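>>> Quick one: sequence and predicted model below, then my questions.
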Amino acid sequence: MIKHTPTTFFIATILLLTVFSACKKDTTGPEPEIDPEFGVLIPFITVETNGNEIVDEPKVMADMKVRANSETVFNGKIGIELRGSTSRRLFDKKSFAFETWNADGNDIDVPIHTLPEEEDWVLYGPYSDKTLMRNMLMYDLARDIGGYASRGFFTELEVNGSYEGVYLLLEKIKRDDNRLALSNLRPSENSGEDLTGGYILKIDKTAGDSDDEDWSGDSDYTEEISFRSDYGSFWNELSYAPYGPKQGEETYYLYEDPEAEDITTEQKAYIQAYIDEFETAIFNDQFQLAYDNYININSFVDHFILSELSANPDAYRLSTYLHKDKNEKLNMGPLWDYNIAFGNDGRSSTSGWIMNYNVNYPDDLWLVPFYWEKLYQDPTFKNALKTRWNELKNSTLSMASIHAKIDAYANELEQANAIDRNFERWDIMGEEVIFNSYVGETYEDEINYMKDWIKDRIEWMDAEINN
């Protein structure tokens, strides 16, 4: 554990006071330049709930101000709530979801700093990820190879006068011209080609979709919010009825867009049948005879590469999105929630496929859908994987390119002295917190560990794919 000397504590205190005073100024006029000794501030967010307690649900009204480059880039009303399932219950540092509101509490689309206008946002607070950057790295890589992933920026957060550390302000995944550009499926569109899209589905826990805030609310699947695959994770046909106590082998698809309260009976029937026909084709080993009529293979290949590159223990089975546009095939993504990836969790290893999670952890309540192992057996899928991997490993996913991104993030945070402030607020550097498979004594240790881990992972994957 890091030992804080009186000098270190004194400097850190000055840093905190400097940040707080800068953020509480009247920002209607020019602000003094930040003293070079204390670095350049990354965007700073203040939230004032005016006596309201932030809870899981419902959202409460608050005032939010975002300052960037010595200017106020947002100053208005929001509705804010806690977000997350495991992290909300186990981590002291909380994450939040918020909507931008007008004074009457109605949603309004606004841009925030570098992000295009929308109303739904996420303030993600990295805690067990002591690099503070695993999610940022993954989302940037996903966009770099041609997909959509949430855009965001590093920020520091103060809630009701309490400094809360380094956060990421992120776009929430949703259908929007500026986000996941899918056709808007209206309640009146229940036949013909209109019925074919756009849909967003999610394989995940039911936290956020259930009224139960306790652990039991994580597996509260109902017919109103979800549908179940006909096939178990161990390549078996399920013979028992859905919506009972969750079995590990069951895969449920949650309605994300249209939302459960908006999706019609006809739309439910269509997307359920589409998923079932795809899964049945795979289950019956109809390689290239049927399954590629249903999915965009390239999107599945890219999802596989990024999930495996990061060895994300949650990949394929939690926080996993799929989408289908009008008259288009099913696509994987966007990616979400990679804070325990890149070796942070003990299940995230430099060797072995995360795809084989079911073999290693058969008693988990959430397992990988059967079709990933089936796809990996298909020569066409494997050839596409090999071609794509060899293209990316020498460009976007090269060790040099990824390490350069890591250095850029670290430099941005260090220039702002935000790392010191974060770990003064959350004194966990050098201590093991849940999900940590490695514990560095310093921030530099954590960064170097992740860099070395990625190097070893790339080398293992390269050998496996090209053999």
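Sure, I can see it.
>>> Which positions in the lengthiest helix in the chain come out as buried?
Criterion DSSP state H: the longest helix present in the chain is helix 443-466. Under the neighbour-count criterion of 16 or more other CB atoms under 10 Å, helix 443-466 has 443, 446-447, 449-451, 453-454, 457-458, 460-461, 465 buried. The C-beta positions use only the backbone N, C-alpha and C, and glycine is treated the same way.
>>> how about those residues in a markdown table, adding pLDDT?
Below are these laid out as a markdown table (pLDDT from 0 to 100):
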| residue | pLDDT |
| --- | --- |
| Y443 | 98 |
| E446 | 98 |
| I447 | 98 |
| Y449 | 98 |
| M450 | 98 |
| K451 | 98 |
| W453 | 98 |
| I454 | 98 |
| R457 | 98 |
| I458 | 98 |
| W460 | 98 |
| M461 | 98 |
| I465 | 97 |
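>>> export these to TSV and tack on distance to I263?
Shown next, in TSV, are the buried residues of helix 443-466 (distance: CB to CB, whole Å):
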residue	distance to I263
Y443	45
E446	43
I447	44
Y449	44
M450	40
K451	44
W453	41
I454	40
R457	39
I458	41
W460	42
M461	38
I465	38
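>>> tell me the domain ranges of the chain?
If you go by automatic domain parsing, the domain ranges for the chain are 6-171, 192-392.
>>> and the residue nearest to A281 when sequence neighbours are not counted, how many residues sit next to it?
The shortest distance from A281 to any non-neighbouring residue, by CB to CB, 6 or more residues apart in numbering, is to A290 (3.7 Å). When counting by other CB atoms under 10 Å, one arrives at 15 neighbours for A290.
>>> Repeat that for F370.
Using other CB under 10 Å, F370 has 21 neighbouring residues.
>>> who touches the longest helix of the chain?
130-131, 134, 308-311, 342-343, 350-351, 353, 385-386, 389-390, 393, 397, 399, 402-403, 406, 410, 419, 423, 429, 438, 440 (CB atoms under 8 Å, 6 or more residues apart in numbering).
>>> related to what we said a few turns ago, rank the domains of the chain by pLDDT, which is bottom?
The minimum mean pLDDT among those belongs to domain 6-171 (a mean of 82).
>>> Double-check that I402 belongs to a helix.
Yes - assessed with DSSP: H, G, I helix; E, B strand; the rest coil, I402 lies in a helix.
>>> excluding its backbone neighbours, what's nearest it?
I454 (5.8 Å).
>>> ok, G165 to G125 distance?
7 Å (CB to CB, to the nearest Å).
>>> quick one, phi psi at E156?
Taking degrees, to the nearest 10, you get phi -110, psi 150 for the backbone angles of E156.
>>> can you tell me which residues contact it?
By CB under 8 Å, 6+ apart, the residues touching E156 are 19, 41-45, 163-167, 416, 418, 421-422.
>>> So which of those residues is the closest to K94?
E164 (7.9 Å; CB to CB).
>>> burial count for that closest one?
As a measure of burial, E164 has 20 neighbours, counting by other CB under 10 Å.
>>> so it makes contact with E424?
No - using CB atoms under 8 Å as the test, E164 is too far from E424 to be in contact (11.8 Å).
>>> quick revisit: in PyMOL, select just the buried ones from the contacts of helix 443-466.
Burial among those is assessed by 16+ other CB under 10 Å; the matching PyMOL selection reads:
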select buried, resi 130+131+134+308+309+310+311+342+343+350+353+385+389+393+397+402+406+410+419+423+429+438+440
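>>> about what we covered before: quick one, which of the domains of the chain is nearest to N178?
Nearest to N178, of all the domains of the chain, is domain 6-171, at 4.0 Å by CB to CB.
>>> ok now the closest one, how far from the chain's centre?
Offset of domain 6-171 from its chain centre (CA atoms, centre = their mean, to the nearest Å): 16 Å.
>>> And the lengthiest strand in the chain, what's buried?
Longest strand in the chain, counting residues (DSSP state E): strand 71-83. Under the neighbour-count criterion of 16+ other CB under 10 Å, strand 71-83 has 74, 77-83 buried.
>>> which residues are contacting that strand?
Contacts of strand 71-83 (CB under 8 Å, 6+ apart): 27, 43, 47, 49, 54-67, 88, 94-103, 105, 110, 112-113, 122, 208.
>>> Output the domains of the chain as CSV; include the columns distance to D177.
Formatted as CSV, the domains of the chain follow (distance: least, CB to CB, whole Å):
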stretch, distance to D177
domain 6-171, 9
domain 192-392, 12
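>>> closest to L182 out of these?
domain 192-392 (3.0 Å).
>>> Quick check: end-to-end length of that closest one?
Using CA to CA, to the nearest Å, the end-to-end distance of domain 192-392 comes to 39 Å.
>>> I figured E432 hits V439, correct?
Yes - look at E432 against V439 with CB under 8 Å: they come within range, at 4.9 Å.
>>> Comparing those two, which residue is more hemmed in?
Legend: neighbour count by other CB under 10 Å for E432 and V439, higher for V439 (16 against 12).
>>> still on that earlier bit, tell me the two of the buried residues of strand 71-83 that are most distant?
For these, the maximum inter-member distance is 21.0 Å, found between F74 and L82 (CB to CB).
>>> what's the closest non-adjacent residue to I271?
Nearest to I271 is Y199, by CB to CB, 6+ apart, at 5.1 Å.
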